[in-house]
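>>> sequence? don't have it. structure:
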């Protein structure tokens, strides 16, 4: 069930990094236990964006990050380089970060094992 929300990201920069890692949707769903949040996400998302990191989680991350640590590495790099919020998008493998200052260059992702292979080719 989709519910419209009113969020503006004007003044922020959104960075999406999509590694060439494929996360099978069926395997991703097998790794989570559905929770009825009873509208709690709607309340959290209405809080200031700079508080989301401590409030909003992607339930897929726990199991996906164990299987694909390079995806977790992308999120960590975004956070380490100033993202006010970062998360895996849906069941993966893309990761997005919301920045209120400059976004990191692709060079910082060389720290991630996967990107060392790709960017050094």
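Now that the structure is in, tell me what you want to look at. Since we're looking at a predicted model, the values are computed, not measured.
>>> in the longest helix seen in the chain, what's buried?
The single longest helix within the chain, with elements called by DSSP state H, is helix 69-80. Residues of helix 69-80 classed as buried by neighbour count (16 or more other CB atoms under 10 Å): 70, 71, 72, 73, 74, 75, 76, 77, 78. C-betas here are computed from N, CA, C, even on glycine.
>>> same check, this time on stretch 44-59
Buried, per 16+ other CB under 10 Å, within stretch 44-59: 49, 52, 58, 59.
>>> look up how far residue 50 lies from the last one.
Going back to what we said before, that points to residue 59. Using CB to CB, to the nearest Å, residue 59 is found at 22 Å from residue 50.
>>> re the thing from before, who does the helix or strand following the longest helix of the chain touch, helix- and strand-wise?
Later in the chain than helix 69-80, the nearest helix or strand by DSSP states H and E is strand 83-88. Applying 3 or more CB pairs under 8 Å, 6 or more residues apart in numbering; DSSP states H and E, one finds that strand 83-88 contacts helix 52-55, helix 61-67, helix 69-80, strand 95-99.
>>> out of those, flag the one nearest residue 35.
Minimum separation from residue 35 across the helices and strands packed on strand 83-88 (CB to CB) falls at helix 61-67, 12.4 Å.
>>> so for this structure, the centremost residue is which one?
In the chain, the residue lying closest to the centroid (CA atoms, centre = their mean) is residue 87, at 1.7 Å.
>>> pull the contacting residues for residue 22.
If you count contacts by CB atoms under 8 Å, 6 or more residues apart in numbering, residue 22 has them with residue 93.
>>> so how far is residue 93 from it?
From residue 22 to residue 93 the distance is 7 Å (CB to CB).
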